[in-house]
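> The following comprises the amino acid sequence and a computationally predicted model.
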Amino acid sequence: MAINWIVVGIAVVVNMVVGTLWYGPLFGSLWLRLLGKTREEIGNSNNPLIYVIPIVGTAIAAVVLSALFGALGVSGWWQGLLWGLVVWFAFGATALLTTGVFEERPPGVALLFIAYQLVVYGAVGVFLAVL
């Protein structure tokens, strides 16, 4: 299994860029309202784990998707998109919904994050398939 580490790096960047846009100008106000928090309440964290965890998690997901794509012979952008979304649904969405229910998160918060992950997994799937 040959891992394209450049594409893994691109996947990490895609996740961080989409996350910055998603929770910033696109849906940041909605997210804060659903959480019942202000930007000041969440924006002053000096905890490096808020960046380390998504970077490592995205890298792991990209490596696993890359191995899966190799085993399945995924080559076209549409196959990458399809399999990225299948993996998102099978593992990401179902786990996030379960966690959201047990943690009694406001439904909109969980759905907003699930939609964000949908975009990330779809995009990463495309990049893995074509690069």
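Arrived safely. Everything numeric in this text was worked out from a predicted model, so none of it was measured.

> Might you list the low-confidence residue ranges for this protein?
Along the chain, segments meeting pLDDT under 70 span 1, 44-45.

> Now do the helices in it.
Ranges of helices within the chain are 5-21, 28-35, 39-43, 49-72, 77-87, 94-103, 107-130, based on DSSP state H.

> Could you name the helices and strands sitting against the shortest one?
With contacts defined as 3 or more CB pairs under 8 Å, 6 or more residues apart in numbering; DSSP states H and E, the secondary structure elements packing on helix 39-43 are helix 28-35. No exception for glycine: its C-beta is placed from N, CA and C like everyone else's.

> which residues touch the helix it packs on?
The contact list for helix 28-35, computed with CB atoms under 8 Å, 6 or more residues apart in numbering, reads 22-23, 38-39, 42, 106, 108-109, 112.

> Which of the helices of the chain has the highest mean neighbour count?
helix 107-130 (a mean of 20; mean count of other CB atoms under 10 Å).

> report the angle between the axes of that one and helix 49-72?
Angle between the axes of helix 107-130 and helix 49-72 is 50 degrees (criterion: axes from the mean of the first three to the mean of the last three CA atoms, to 10 degrees).

> what's the residue nearest the centre of the chain in contact with, if anything?
The residue lying closest to the centre of the chain (CA atoms, centre = their mean) is residue 117, at 3.6 Å. Each residue near residue 117 by CB under 8 Å, 6+ apart is listed here: 88, 92-93, 96.

> can you pick the most crowded of these?
When neighbours are taken as other CB atoms under 10 Å, the top entry among those is residue 88 (23 neighbours).

> My guess is that residue contacts residue 116. True?
No. Look at residue 88 against residue 116 with CB atoms under 8 Å: they stay out of range, at 10.5 Å.

> coming back round to it: what is the most widely separated pair among the contacts of helix 28-35?
Greatest spacing in those, by CB to CB: 22 and 38 (18.3 Å).

> give the contact list for residue 129.
Going by CB under 8 Å, 6+ apart, residue 129 touches 69, 74-77, 79-81, 83.

> can we see that at 7 Å?
69, 74-77, 79-80 (CB atoms under 7 Å, 6 or more residues apart in numbering).

> All good on my end, thank you.
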